[in-house]
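**Q** Can you look at this prediction? I've put the sequence above it.
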Amino acid sequence: MAGALRVDSTVTSGTFSLDGQTYDVDNNVWVLGDDDECLVVDPAHDLDAVAALAGARRVLAVVLTHAHDDHCREAPAAGARFRAPVLLHPADAPVWRLTHGDLRWDADLADGDVLDVAGEQVHVLHTPGHSPGSVCLHVPALGTVLTGDTLFQGGPGATGRSYSDRPTIEASVRSRLFVLPDGTVVRTGHGASTTVGEEAEALGR
C-alpha cells in the first residue's frame, strides 16, 4: 500500500542574494506525496538532505514557489538528480535569469493548474507580490497551503527589493489565501507554520 498523502519537511541552510546584498537563511523544503511518489517543493541549498527526504519515491516534479536564488539555485541539479521536470510560473523569468541566465526551467505553472500526486490534487494559486510569479500550492485533502514566501507567521512576505510590491502581495494574500478555510495550515518557505485564520485576524481580511 502506498499510504495516505502527507507532507514531509526538512530545513536547509544557505544564502539568499539580491540587489547586491547577501543574507544567511534557513529554508523549509517540502515533499508532498505518499510512500510511492511525491512532489519536491523548493529544494533549497542541500540536495543530499532533499534526496534523503524524498527517499526512494518517484519524484513527479520539482515545484518552485518562486525564483529567488535560495529557492531555485539547486533546482536544475534537483531536476537532473530526480529525473523530474522543474516547474515555475513564467512571470518569474527575470528573477530566474539572475541565477540561471539563459538556462530555462522545464515547464510553466499557471494559475488554476492542478497537479496530481498520490491520488489527490494540488491547486496552483498565482500570488504575485513577493515576486511576479510567486505561487502557492493549496492541498484541500490535507487542509494545507504551501505559501513559499507569500505568507508567513506574522504576515505577508518581504517586499522592497527588486521585482516585489507591497500592495500587490497584500492583494494576493487577501484575495487568494484569506478566502481559504480558517483552519487551513500555512506551510511557509521560512520559519514556523501558521493558519489562514490566525493571519487573517492579524492582518485583517
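**A** Sure, I can see it.
**Q** and the strand or helix carrying Asn28, what other elements does it pack with?
**A** Using DSSP states H and E, the element containing Asn28 is strand 21-33. Applying 3 or more C-beta pairs under 8 Å, 6 or more residues apart in numbering; DSSP states H and E, we find strand 21-33 packed against strand 6-18, strand 37-41, helix 47-54, helix 69-72, strand 185-188. No exception for glycine: its C-beta is placed from N, CA and C like everyone else's.
**Q** Okay, buried residues for it please.
**A** For strand 21-33, burial by neighbour count (16 or more other C-beta atoms under 10 Å) applies to Val25, Asn27, Asn28, Val29, Trp30, Val31, Leu32, Gly33.
**Q** Mind putting these into TSV with distance to Thr12 and pLDDT?
**A** TSV is the format used below for these (distance: C-beta to C-beta, whole Å; pLDDT from 0 to 100):
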residue	distance to Thr12	pLDDT
Val25	9	98
Asn27	5	98
Asn28	8	98
Val29	6	98
Trp30	11	98
Val31	12	98
Leu32	17	98
Gly33	19	98
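**Q** what residue ranges in the chain score low on pLDDT?
**A** For the chain, applying pLDDT under 70 flags the ranges 1-2.
**Q** can you give me the strands for it?
**A** 6-18, 21-33, 37-41, 58-63, 86-88, 107-108, 114-117, 120-126, 135-139, 144-148, 151-152, 155-156, 185-188, 194-195 (DSSP state E).
**Q** residues making contact with the second one?
**A** Right, strand 21-33. Outside strand 21-33, the residues within contact range by C-beta atoms under 8 Å, 6 or more residues apart in numbering are 5-17, 38-45, 49-50, 53-54, 57, 60, 70-71, 117-118, 122, 137, 139, 146, 187-191.
**Q** Name only those of these that count as buried.
**A** Among these, those classed as buried by 16+ other C-beta under 10 Å are 5, 7, 12, 14, 16, 38-45, 49-50, 53-54, 57, 60, 70-71, 117-118, 122, 137, 139, 146, 187-190.
**Q** How many residues are close by Gly148?
**A** Using other C-beta atoms under 10 Å, Gly148 has 28 other residues around it.
**Q** whoops, Gly183 was the one
**A** Using other C-beta under 10 Å, Gly183 is surrounded by 11 other residues.
**Q** Could I get the contacting residues of it?
**A** Counting by C-beta under 8 Å, 6+ apart, the residues that Gly183 touches are Gly143, Thr195, Val196, Gly197.
**Q** center of the chain, which residue is that?
**A** Centroid-nearest residue in the chain: Thr65, 3.2 Å away (criterion: C-alpha atoms, centre = their mean).
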